[in-house]
Every structure is written in structure tokens, then in C-alpha cells.
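**Student:** based on what follows, work out the 3D shape:
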Amino acid sequence: MIFDHSGAEVGRHQLEHQQILPKAGWVEHNPVEIWERTSAAIMTALNKTDLVAGDLAALGITNQRETTLVWNRHTGRPYHNAIVWQDTRTDRIAAALDRDGRGDVIRRKAGLPPATYFSGGKIQWILDNVEGVRRDAENGDAIFGTPDSWVTWNLTGGYRGGVHVTDVTNASRTMLMNLETLDWDDELLSFFSIPRQMLPEIRPSSYPSSFGITRDDGPLAGQVPVTGILGDQQAAMVGQVCLEPGEAKNTYGTGNFLLLNTGEKIVRSENGLLTTVCYQFGDAKPVYALEGSIAVTGSAVQWLRDQLGIISGAAQSEALARQVADNGGVYFVPAFSGLFAPYWRSDARGVIVGLSRFNTNAHLARATLEAICYQSRDVVEAMEADSGVHLEVLKVDGGITANALCMQIQADVLGVDVVKPVVAETTALGAAYAAGLAVGFWDSAEDLRANWQEGQRWSAQWDDEQRSGGYTGWKKAVERTLDWVEI
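**Tutor:** Numbering: from 1, shown residues only. Below is the predicted model:
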């Protein structure tokens, strides 16, 4: 996506890439395909807008945070498919960390519970299961990165001198970075037997001297500085201009991610949330956040389309769900990858409960939208308990916000107004803001606040009895997902 100074979209191009599902619980992506699609998207967006690389002030990158890639620094060849954040193959690694007390150290230093979600266990799995990787890692030949590192490395030269970097937000999702020092922690690395030389250099999210310069023979030929990197949910915080303590947003994508800005204070959760770096701009102190991460929301709608075939496209889920006035007693808990916040139960699996002969595919479509909203309420309740901050309004963004029924249900389930900005693709906008701030394209946070405009608002229509009864049913359904897989 290309943005101008007002934060308005100048142009865009997007491409899907393949979801690879080799076994139950395994989710992979092809790193080479990701780079090829990224290159094609860049070139097509420029061509559509009659722009060239030299017209761009700077480049910002945002990405799936915990997805794990390992590749050879001399050839650029990945050793294995990327292991995606939703993948659960590392459940035994995560469970072992909690059994012997290492989990408490990870919580204290990294702000994260030991879980399949994060990168550390995925790196260990590749080192232990892919032939030759550990030897090459110890020799300094095999290197690790989340997708921001992979894309930056390729943009800035690849095996001919590409820059191997990441930012504090992505590093904070690995279980390997100390939240206080903002550096890789030797004790945490030892828990996973990860050689330190595999890891990228950690830099601030907005970096005036740049993460690197794009190479002349790549998709951005013309020496464009890469000056912003933010993990996708932190990028959405910046795009929504949630830059003050107490401000929150919820992004609706493959999963849902609700973040609350806690300022320069590290708030350690007592209620199943994550403590994470929100952003760091240049030499300023880092800003932290509490986060509730939900594994399956938009991907549950994809499941209706791809696996069940009851809709032909994501947009059809709204029309189908509107055929019924309520869920008809049906609840769907899409715990395909276990349950993330606030439960952190990798033994959970998806359930559909409350079925009778009366129910139709419309009830299932409605229950799928409600699952997105109830999972968000679980996180809001945990966030209020941890922070003492009562949510007054929820800023929302991401693809599912195009589904007006889902957003209305979200307002009903929470009992607060739900507000969507004019530019709903706030993840891309936040990456642009981080990059632009670094080069003076925008002068300050006040410039960004001036750009934010309300696009749509939904207010609650349910009464307290409806809201309470619906949530009680949801909690009963969640109980049915637990203890399904033995770990």
C-alpha cells in the first residue's frame, strides 16, 4: 500500500499465498512464494499508480510476527517451510518448559507464557528436526527471522549482503528477548538450545539511519530506505494512533488481536494476557502494551468457505448469517490451534455445540461471527482486570470490519460503541507512519492524530439480559473444548 501525507491511500495491490497444512495442527507457508508475491505486489502497486521507486520517501514493513523462517545466508535458500504462528507442533516443547519452572523465567523476562504461538519453540523444532540446520547455525550459515527479517534481507541484497535485522516488536514475540534490556537473553536462548549467531540485530521500530537500502535489481530499484518495521498488531496500534496510555484497538484478521497501550511501564498480566513492546521510535524509550491474542477468527470464516463449502466467499458469511435473528442455540468455538488468550490451552480443539434439527447453515454462519466477538469479550474482561481501565469505546480495523453484522454483534456483546476509521487497513498505515516519522515525512504524533477520521460507528442494541445470557452460553461452550488432546 502507498500512502500520502494525509494518510490517504494512493495505491495498493495484494496477493494471497498458499496455506500449507501437512498434518493436523501443522500450518506452513512457502518463504520463496512470500518473497515472490511481495515483489509482485510492490511492482504492480507502483505500476497502477504510475509511480517509480524514487517517488517514495521511505518504506515500512509489517508482518505476521511469530511465523518462523530459517535460511542459508550464503544461498538464500530456506531450510524448511515457514512455521506459522498458528502451528501447534511444538506443544510438547511448550509443556516441558512449564513443568520444570523455565516457564516462569520466560514470563518474567519475555512477558510471554510458554506456548506454541511464539517463535522460540519453532526455531528449536527446525534445529532438532531438519538435517544439517544445527551444524549450519553453529557455523553462522543458517539464520533465523520472522517475515519482516526475511523480506528486509531480500529487499536489501539477499545473499549478496542483505541486512539481517528485526525490530523490538517482532523480537518481543520470540520468548528470546528480555523486555527490559531489549536484547536477546542468553538464559532464554539456552532453554531452546538456540545459537545466538542465528538471530537478527534488534533495532527500534522507526529507525532514522534505516534498516537498509533497497537493492538496484529488486522490486524497488532506486535505493529506497527501509526505515520502519513493526509487527502487524503493533503497526495497527500506530495506524489507529493509540499512542497514549489507556488507548486500545482490536484488529480482525486471521486471528484477533486486542492491544492496550500501557506507556513506558511494563505491566505484567495476572489474567492470561501478553506483555509486549508496542513500539519504539528512534532513541526514545520503548512503549509497552498488554495484548490479548486470539488464534482463529477470520480463519474460521475461511474454514466455512474452504473446508465446509457453505459459503463461496468471506463476504457471503454476512448475508447467510442475516437469514436468522440469532444463533438458534448454536455456539462454535474455533479452537483449531488450541485456545490462546486468556486461556492458553493447547489441549483444546474446536467444537460446535447446541445443535438440533432446527438449525441450518445460517445458524452456523451466525455462530461463527459471534465466536469472533465472544473471544474478543474474553480478552476485554481480562484486560480490564489487569489494567483497571474500563473500555469506553473500541477502535477496530482489519478485513472483518467490512462485515457490518459482525461489528454490530461486537457492540452488542461488549455493550460499548465500536468505531472503525476511514482507512481500515491500519496495519499497513502504521508501518508507513513508522517509516515516515523516521525521515521527517511526518513531524510528530500530532500529524498522525490529525489524519485519523471516524468512518463508521456501531452502538449496542442488546439489553443486559441478552448480553449476559449469550456470554454464559459461550463460556459453557468453551468448557467443552478443553482436555481434548493429551499433551
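
**Student:** based on its surroundings, how many neighbours for residue 446?
**Tutor:** If you count neighbours by other CB atoms under 10 Å, residue 446 ends up with 10. (Glycine included, C-beta is placed from N, CA and C.)

**Student:** and it, how far from residue 243?
**Tutor:** According to CB to CB, to the nearest Å, residue 446 and residue 243 sit 10 Å apart.

**Student:** again, but for residue 55
**Tutor:** Distance from residue 55 to residue 243, by CB to CB: 28 Å.

**Student:** which one of the two has more residues nearby?
**Tutor:** A count of neighbours by other CB under 10 Å puts residue 243 above the other of residue 55 and residue 243, at 19 against 13.

**Student:** check what pLDDT the closest residue to the more buried one other than its chain neighbours gets.
**Tutor:** Nearest residue to residue 243, sequence neighbours excluded (CB to CB, 6 or more residues apart in numbering): residue 445, at 5.1 Å. As predicted, residue 445 sits at a pLDDT of 89.

**Student:** separation between residue 445 and residue 326?
**Tutor:** Residue 445 is 43 Å from residue 326, by CB to CB.

**Student:** more neighbours: these two, which one.
**Tutor:** For the pair residue 445 and residue 326, the greater number of neighbours falls to residue 445 (15 against 12), based on other CB under 10 Å.

**Student:** I'd guessed residue 31 sits against residue 150; true?
**Tutor:** Yes - here residue 31 reaches residue 150: they are 6.0 Å apart, a contact under CB atoms under 8 Å.

**Student:** list residues touching both of these two?
**Tutor:** 69, 71, 82 (CB atoms under 8 Å, 6 or more residues apart in numbering).

**Student:** quick one: which of these is nearest to residue 223?
**Tutor:** If you rank the shared contacts of residue 31 and residue 150 by distance to residue 223 using CB to CB, residue 71 comes first, at 24.2 Å.

**Student:** and the helix or strand that closest one falls within, how far out from the chain middle?
**Tutor:** Using DSSP states H and E, residue 71 falls within strand 69-72. Relative to its parent chain, strand 69-72 has a centroid offset of 21 Å by CA atoms, centre = their mean, to the nearest Å.

**Student:** beyond that strand, next helix or strand please.
**Tutor:** Next along from strand 69-72, by DSSP H and E: strand 82-83.

**Student:** and that next one, what does it pack against?
**Tutor:** For strand 82-83, the packing partners by 3 or more CB pairs under 8 Å, 6 or more residues apart in numbering; DSSP states H and E come out as strand 28-29, helix 119-129.

**Student:** which positions in the following helix or strand past it come out as buried?
**Tutor:** Using DSSP H and E, the next helix or strand after strand 82-83 towards the C-terminus is helix 91-99. By 16 or more other CB atoms under 10 Å, the buried positions in helix 91-99 come out as 91, 93, 94, 95, 96, 97, 98.

**Student:** tilt between helix 91-99 and helix 119-129?
**Tutor:** Relative orientation of helix 91-99 and helix 119-129, computed by axes from the mean of the first three to the mean of the last three CA atoms, to 10 degrees: 120 degrees.

**Student:** contact partners of helix 91-99?
**Tutor:** Identification of contacts with helix 91-99 by CB under 8 Å, 6+ apart yields 25, 103, 106, 113-116, 121, 124-125, 191-192, 338, 346, 485, 487.

**Student:** sort out for me which of those are in strands.
**Tutor:** Taking DSSP state E, every one of the contacts of helix 91-99 sits outside strands.

**Student:** out of the residues you listed, who's nearest residue 17?
**Tutor:** Ranked by distance to residue 17 (CB to CB), the contacts of helix 91-99 are led by residue 25 at 20.2 Å.

**Student:** do you know how far the closest residue to the closest one other than its chain neighbours is from residue 418?
**Tutor:** Spatially, and ignoring its direct neighbours in sequence, residue 25 is nearest to residue 88 (4.0 Å; CB to CB, 6+ apart). Here the criterion is CB to CB. By it, residue 88 lies 31 Å from residue 418.

**Student:** quick one, which of these two is more surrounded?
**Tutor:** Counting neighbours by other CB under 10 Å for residue 88 and for residue 418 shows that residue 418 has the greater number, 26 against 22.

**Student:** just to revisit the earlier point, right, and the residue nearest to residue 243 touches residue 241 too?
**Tutor:** Yes - using CB under 8 Å, residue 445 makes contact with residue 241 at a distance of 7.2 Å.

**Student:** any regions of the stretch 251-400 of the chain where pLDDT drops low?
**Tutor:** Within the stretch 251-400 of the chain, not a single segment meets pLDDT under 70.

**Student:** so what's the residue count around residue 28?
**Tutor:** Residues near residue 28, counting by other CB under 10 Å, number 19.

**Student:** which residues touch it?
**Tutor:** Counting by CB under 8 Å, 6+ apart, residue 28 touches 20, 21, 22, 81, 82, 83, 84, 87.

**Student:** what residues sit buried inside stretch 316-333?
**Tutor:** 317, 318, 320, 321, 324, 327, 328, 330, 331, 332, 333.

**Student:** residues touching it, excluding its own?
**Tutor:** Contacts to stretch 316-333, defined as CB under 8 Å, 6+ apart, come from residues 300-301, 304-305, 310-311, 339, 348, 350-356, 358-371, 403-406, 473-474, 476-478, 480-481.

**Student:** off-centre distance for that stretch?
**Tutor:** Using CA atoms, centre = their mean, the distance between the centre of stretch 316-333 and that of its chain works out at 26 Å.
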